[in-house]
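A.B. asks: sequence unknown, structure follows:
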């Protein structure tokens, strides 16, 4: 019945105005697929890039997708990965490893490729969201790819019996394994869509941005991409990270956390029988209500990304400082109203991490115009979590001779400008995708002009490894001695020395102390 319905949808879609199905069939390594062309862009959705990670494949590295005969309709998104249902997902399920492609309808060959990695604190999110539609990027002359990766305990989980059964294979970071599998799918198949597998840009926001840092520093991702963009991905100290079998930063190991989760479900032991019982649990029991809002209260039963020694081999700041990363052009940045998770109850607690610089930090942040303690805490927390770490990465990588561009995004759409003190976490995303809405807010012509400009910088970067191009304000490469970034302000893009230098220099010192105090795995 489901196949019949999909075929009906495909046939109906081909009857829509401005849509043609005449040349929408492409051959990939698992079979032939048929997409839809509309408005000069052909899209292919819900393509399996790995086998469904269910049953005995739960908590295993992604396995090859099955081949099919005939032509498979690729007109609907597949399930997003298992999570608490919300506006950020499409009918979540464990069978979720799908990739989507948008390409210019009348393309040639060797187009640059942009691969999107969504955020969501590693526990929510998916590629089906409307504001991740790649049509506008494809219209600018790139092939756009998005995909799903396992989340929560489905994506990040360790258990002694899994370690024993792996025979030295990959463990723990199944969500990151999915990302690498998707990038390998791109290498094998993107030429069929007009893309160049040697001109791949990965870009992501929040947890997706941090995933870019993980891929930048993973030996298993070497050669899978040639440029990288991080949007509010942190990239500094993995403060909540632990090791697969050895606890770090005061946390138990990921294996110990996995055992604690099993015990919370009434499963005793650490051997094969216990693992079979875990795999037999329904998906809802594994999910166990895990969301981005309760992460801080679920640390005892959810490990999150971990240092496994093979895919994630260490903390990104150590690896960047040691030169153990892919030396590719990179854009990094954050928003001027970015997110904070600071739990300081007063100013004394807030500025305590600055040590002997506490008074200087207090002065610098008060000078930023904070109206009350809440806004002050948000500024300090956002700088520590996103703004400062991205600047740290820009400084380290540029000092090693890599081509880096830093930005700060502060543009707030005119219809909501009076309601927001700055661009919130994720606020840049609709502009990067050049949409005419900002989530649910219809953009004005002035807002749309900013979206066109910002999106063009990103596309230029994917095409040439440099965001600059005709008709755009020049965006200088980042150098620590000049500290110049591109400020996407309410007055348009402006290149200037970082106006937050004084307070971020102090944040950098805190970061440096935390790195020095940390222990390498």
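C.D. replies: Looks like it arrived, so ask away. Given the structure is predicted, the values throughout are model-derived calculations rather than measurements. Numbering: from 1, shown residues only.

A.B. asks: Domain ranges for the chain, per the record?
C.D. replies: 2-101+113-193, 242-297, 306-517 (automatic domain parsing).

A.B. asks: What's the mean pLDDT across the first one?
C.D. replies: Yep, that's domain 2-101+113-193 we're talking about. Averaged over domain 2-101+113-193, pLDDT sits at 89.

A.B. asks: average pLDDT across stretch 314-325?
C.D. replies: The model assigns stretch 314-325 a mean pLDDT of 92.

A.B. asks: ugh, wrong one, stretch 389-396
C.D. replies: 94.

A.B. asks: Roughly how far does the residue nearest to the spatial centre of the chain sit from residue 26?
C.D. replies: The chain has residue 208 as the residue nearest its centroid, 0.9 Å off, counting by Cα atoms, centre = their mean. From residue 208 over to residue 26 the distance is 26 Å, taken as Cβ to Cβ, to the nearest Å. For glycine as for every other residue, the C-beta is placed from the backbone atoms N, C-alpha and C.

A.B. asks: Could you do residue 487 as well?
C.D. replies: Distance, residue 487 to residue 26, using Cβ to Cβ: 41 Å.

A.B. asks: go on, residue 439?
C.D. replies: Distance of residue 439 to residue 26, given as Cβ to Cβ: 32 Å.

A.B. asks: Between the two, point out the one with more neighbours.
C.D. replies: residue 26 (21 against 15; other Cβ atoms under 10 Å).

A.B. asks: Confirm for me that residue 376 is in contact with residue 367.
C.D. replies: No - in this structure, residue 376 is not within contact of residue 367 by Cβ atoms under 8 Å, at 11.1 Å.

A.B. asks: Of those two, which one has the most company?
C.D. replies: A count of neighbours by other Cβ under 10 Å puts residue 376 above the other of residue 376 and residue 367, at 21 against 10.

A.B. asks: Leaving out the residues flanking it, which one is nearest to that one?
C.D. replies: Of all residues beyond its chain neighbours, the one nearest residue 376 is residue 370 (3.8 Å), with distances taken as Cβ to Cβ, 6 or more residues apart in numbering.

A.B. asks: Quick one: mean pLDDT for stretch 339-348?
C.D. replies: 92.

A.B. asks: That stretch: how far from the chain's middle?
C.D. replies: Offset of stretch 339-348 from its chain centre (Cα atoms, centre = their mean, to the nearest Å): 25 Å.

A.B. asks: what sits up against that stretch?
C.D. replies: 206, 232, 296, 350, 362, 373, 376-382, 384-386, 424-425 (Cβ atoms under 8 Å, 6 or more residues apart in numbering).

A.B. asks: still on that earlier bit, the residue nearest to residue 376 and residue 357, how far apart?
C.D. replies: 18 Å.

A.B. asks: And what about residue 469, helix, strand or coil?
C.D. replies: Using DSSP: H, G, I helix; E, B strand; the rest coil, the structure places residue 469 in coil.

A.B. asks: so who does it touch?
C.D. replies: Contacts of residue 469 by Cβ under 8 Å, 6+ apart are 456, 457, 460.

A.B. asks: Could you give the average pLDDT over the longest helix along the chain?
C.D. replies: For the chain, the longest helix by residue count, based on DSSP state H, is helix 445-464. Helix 445-464 shows a mean pLDDT of 98.

A.B. asks: which residues make contact with that helix from outside it?
C.D. replies: 112-114, 136-137, 140-142, 199, 201, 203, 227, 229, 329, 331, 405, 409, 411, 413-414, 428, 430-436, 438, 443, 466-469, 472, 475, 486, 488, 492-493.

A.B. asks: Quick one: buried ones out of the contacts of stretch 339-348?
C.D. replies: For these, a burial check counting by 16 or more other Cβ atoms under 10 Å picks out 206, 232, 350, 362, 376-382, 384-386, 424-425.

A.B. asks: What residues does residue 394 make contact with?
C.D. replies: 332, 404, 406, 478, 480.

A.B. asks: Adding secondary structure, write the residues you listed out as CSV.
C.D. replies: Below are the contacts of residue 394 laid out as CSV (three-state DSSP):
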residue, secondary structure
332, strand
404, strand
406, strand
478, coil
480, coil
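
A.B. asks: Buried among those? Make that a ChimeraX selection.
C.D. replies: In ChimeraX syntax, the buried subset of the contacts of residue 394 is picked out as below (16+ other Cβ under 10 Å):
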select :332,404,406,478
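
A.B. asks: ok, so of the contacts of residue 394, who is nearest residue 56?
C.D. replies: residue 332 (39.9 Å; Cβ to Cβ).

A.B. asks: I'd say that closest one and residue 230 touch.
C.D. replies: Yes - using Cβ under 8 Å, residue 332 is in contact with residue 230, at 4.6 Å.

A.B. asks: Need the residues touching each of these two.
C.D. replies: Common contacts of residue 332 and residue 230 (Cβ under 8 Å, 6+ apart): 390, 393.

A.B. asks: what's across from residue 81 in the sheet?
C.D. replies: Counting by DSSP bridges, residue 81 forms beta bridges with residue 93.

A.B. asks: can you pull the contacts of it?
C.D. replies: Residue 81 neighbours (Cβ under 8 Å, 6+ apart): 92, 93, 94, 96, 97, 126, 148, 149, 150, 151, 154, 155.

A.B. asks: Residue 497 now?
C.D. replies: Residue 497 neighbours (Cβ under 8 Å, 6+ apart): 482, 483, 484.

A.B. asks: okay, it: pLDDT?
C.D. replies: 98.

A.B. asks: Against residue 384, how distant is it?
C.D. replies: Taken as Cβ to Cβ, the span from residue 497 to residue 384 is 21 Å.

A.B. asks: mind checking how far residue 347 is from residue 378?
C.D. replies: 13 Å.
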